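Trainee: Compute the structure for the input listed below.
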Amino acid sequence: LKKERWVAVEGLHTGQFVYCGSKAQLTVGNVMPLGKMPEGTVISMCEEKASDRGRLARASGCNCMIVGHSDDGKKTRIRLPSGSRKTVPSTCRAV
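Mentor: Numbers count the residues shown, from 1 in each chain. As a prediction, this is how the structure comes out:
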């Protein structure tokens, strides 16, 4: 059992188990690649480049939404808190 600290998202409670990886379930607090999440999913702490530890939507109350995936599955389009849209690799992770 590996313990680590990071920013809690809205809906996470004390003592809750958080799972990371592509096989994690889509629940509040779990970290998984954007390519494994369906369109319309609300996310936070999204990576801009793979393995940069989450740079987008980190502040309190901020969140992004997955707008769509490319046909080849390599890029994902997200809507940022400012309303602008950004294309990031599907291998980027988010909470």
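Trainee: Give me the buried positions along stretch 70-90.
Mentor: K75, T76, R77, I78, R79, V88, P89, S90 (16 or more other C-beta atoms under 10 Å). Bear in mind the C-beta positions are built from the backbone N, C-alpha and C, glycine included.
Trainee: swap in stretch 48-68?
Mentor: Under 16+ other C-beta under 10 Å, the buried positions of stretch 48-68 are G54, L56, A57, N63, C64, M65, I66.
Trainee: export these to JSON lines and tack on distance to T27?
Mentor: Conversion of these to JSON lines gives the following (distance: C-beta to C-beta, whole Å):
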{"residue": "G54", "distance to T27": "18"}
{"residue": "L56", "distance to T27": "21"}
{"residue": "A57", "distance to T27": "18"}
{"residue": "N63", "distance to T27": "15"}
{"residue": "C64", "distance to T27": "17"}
{"residue": "M65", "distance to T27": "17"}
{"residue": "I66", "distance to T27": "16"}
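Trainee: roughly how far apart are R5 and V18?
Mentor: According to C-beta to C-beta, to the nearest Å, R5 and V18 sit 11 Å apart.
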